[in-house]
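**Student:** One predicted model, sequence on top.
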Amino acid sequence: MIQKIISGNTGKLIIKEIKAAKCMQPPYRALPIQELNGLKLAAGDILSIKKSPVEEFMSYVKGFAKEGENFAPKSENPQSLFMEYFNYRKNVCIPKAATPKKPGAIFIISPKTEPKILMCKNEMISLQKFLSFVRNESKLATKEEYYAFVDEVADSMPEYVKRNYPMIRPEISENADKIFRWLHAVGTESKGKKAGELVYHRFFDAERKEKAIKEYVEFLENMTGKKVLVGSPIRMGFAVDTVSLFNNPEVYKDIDYILLGHGTGSSFADVTNPNTWRFTDTGESIWKFIESKIPKGKRVLVSCCEQDTEYWKSLGRIPQEYKGDFVGNNIKKKFPEMYDKNWQYMNGVGNPVSGFFDKDSGVKICESGKRNIIGSKYIKNKPVDLDGFVSGRIGEFETVYYDFK
């Protein structure tokens with residue numbers, strides 16, 4: 001028997017025991033022999049104790065349910081990943097003193113102390129905070145241990161997604177374990193401080209990453225029936241997060257292709273301009289890429305951001321002291337270029353694309369042969385955050401086309 005986490009409607013921790021589909025034997029750290037004092041071993045037993053991070057996490061949950069936040073777990077292996085995490089959280093979650101009341105203030109502001117391990121909102125988020133620590137902060141974890149941890153959490157994902165997000169289409173929820181694994185396989189690259197710099201995480205695995213991208217593209221193509229293009233196979237975590245975009249077939253019914261990648265520059269600029277819209281990691285023109293891969297007149301759903309501050313500055317339209325990463329809508333709404341022929345403001349132009357898919361960060365619609373963004377798709381109603389699964393949202397999408405005739 002193994003224990004997995006499920007969510008209840010009360011916000012309280014609910015634990016359910018279910019039968020394991022298989023017995024996992026990941027490479028968790030064995031106890032040194034000196035730690036086995038007093039332990040009686042039967043003939044043939046191996047001098048090691050293997051307990052997974054999730055098993056230790058669930059043991060903590062049981063103790064927390066009895067004793068609350070002050071529960072101090074004891075592990076057979078004090079060098080386990082969970083004990084490393086617990087000791088880290090114990091140190092960073094020391095309550096801070098309340099802010100003294102200012103003259104004229106009615107209340108004393110008491111700072112909120114983040115829970116050491118568990119968040120009442122969602123148990124899976126608590127577990128993923130632990131996983132994030134192992135990935136980014138752990139001094140003990142090996143690459144093998146990290147991916148074994150990912151696999152163990154991934155095994156819980158189909159049940160978790162089906163239970164918490166019944167509106168997710170079966171093709172996604174039933175493959176939530178694969179999606180979660182793909183997300184962590186491609187999420188080991190990050191953008192460096194210098195332009196064009198790529199930083200590799202210590203758990204980066206080129207073979208695992210390439211396999212994940214290939215399988216994810218095949219998954220999207222099978223689910224949507226559309227050809228999926230990858231502009232540059234770098235920092236693809238966001239591409240996997242956007243799986244929520246395709247939950248509703250209405251989003252891509254009027255689309256012929258899907259383009260994944262990171263973008264920068266401005267879609268307004270001519271392709272000969274150094275500030276043109278381009279893939280962030282390769283510098284290749286997105287317009288030229290579309291025209292070389294997609295027949296003229298075919299539409300493509302593009303998840304690439306824009307960052308057009310430099311373009312507006314180059315025209316002398318934005319004060320040089322402007323410090324923002326993007327030109328805010330309050331400034332761009334003053335420019336006639338931001339309106340189509342029907343005087344409709346083009347929210348999808350010049351903005352980033354995010355997993356929130358709100359009106360100002362929706363996914364872009366382009367047409368091969370036309371070097372302008374012809375429309376946008378965004379969530380128009382109250383979105384649902386897919387906490388604990390991917391960094392994305394689902395909801396009812398609105399499609400807006402711009403008139404460039």
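**Tutor:** Nice, thanks for sending it over. A quick note: this is a predicted structure, and the numbers were derived from the prediction, not measured.

**Student:** And for residue 334, the neighbour number?
**Tutor:** Residues within reach of residue 334, counting by other C-beta atoms under 10 Å, total 9. In this view, the C-beta of every residue, glycine as well, is placed from N, C-alpha and C.

**Student:** swap that for residue 93, please
**Tutor:** The burial count for residue 93: 14, using other C-beta under 10 Å.

**Student:** And what about residue 199, helix, strand or coil?
**Tutor:** Under DSSP: H, G, I helix; E, B strand; the rest coil, residue 199 falls in the strand class.

**Student:** give the contact list for it.
**Tutor:** Residues near residue 199 by C-beta atoms under 8 Å, 6 or more residues apart in numbering: 189, 190, 191, 192.

**Student:** any idea of the pLDDT on residue 307?
**Tutor:** Listed pLDDT for residue 307 reads 81.

**Student:** Quick check: neighbours of the strand or helix carrying residue 366 in the sheet, parallel or antiparallel?
**Tutor:** Assigned by DSSP states H and E, residue 366 belongs to strand 363-367. The pairing partners recorded for strand 363-367 under DSSP bridges are strand 299-302 (antiparallel), strand 370-379 (antiparallel).

**Student:** Out of these, flag the one nearest residue 272.
**Tutor:** Of all the strands paired with strand 363-367, strand 370-379 sits nearest to residue 272, with 11.4 Å by C-beta to C-beta.

**Student:** The helix or strand that the closest one is followed by - contacts with which helices or strands?
**Tutor:** As assigned by DSSP H and E, the chain's next helix or strand after strand 370-379 is strand 384-385. The elements that strand 384-385 packs onto, with contact taken as 3 or more C-beta pairs under 8 Å, 6 or more residues apart in numbering; DSSP states H and E, are strand 393-394.

**Student:** Between strand 370-379 and whichever helix or strand comes after the strand it packs on, find me the angle.
**Tutor:** Using DSSP H and E, the helix or strand that follows strand 393-394 in sequence is strand 397-401. Orientation of strand 397-401 against strand 370-379 (axes from the mean of the first three to the mean of the last three C-alpha atoms, to 10 degrees) gives an angle of 160 degrees.

**Student:** and residue 272, that one's in a helix?
**Tutor:** No. Going by three-state DSSP, the assignment for residue 272 is coil, not a helix.

**Student:** Nearest to residue 56 among the strands paired with strand 363-367 would be which one?
**Tutor:** Checking the strands paired with strand 363-367 against residue 56 by C-beta to C-beta gives strand 370-379 as the closest, at 38.0 Å.
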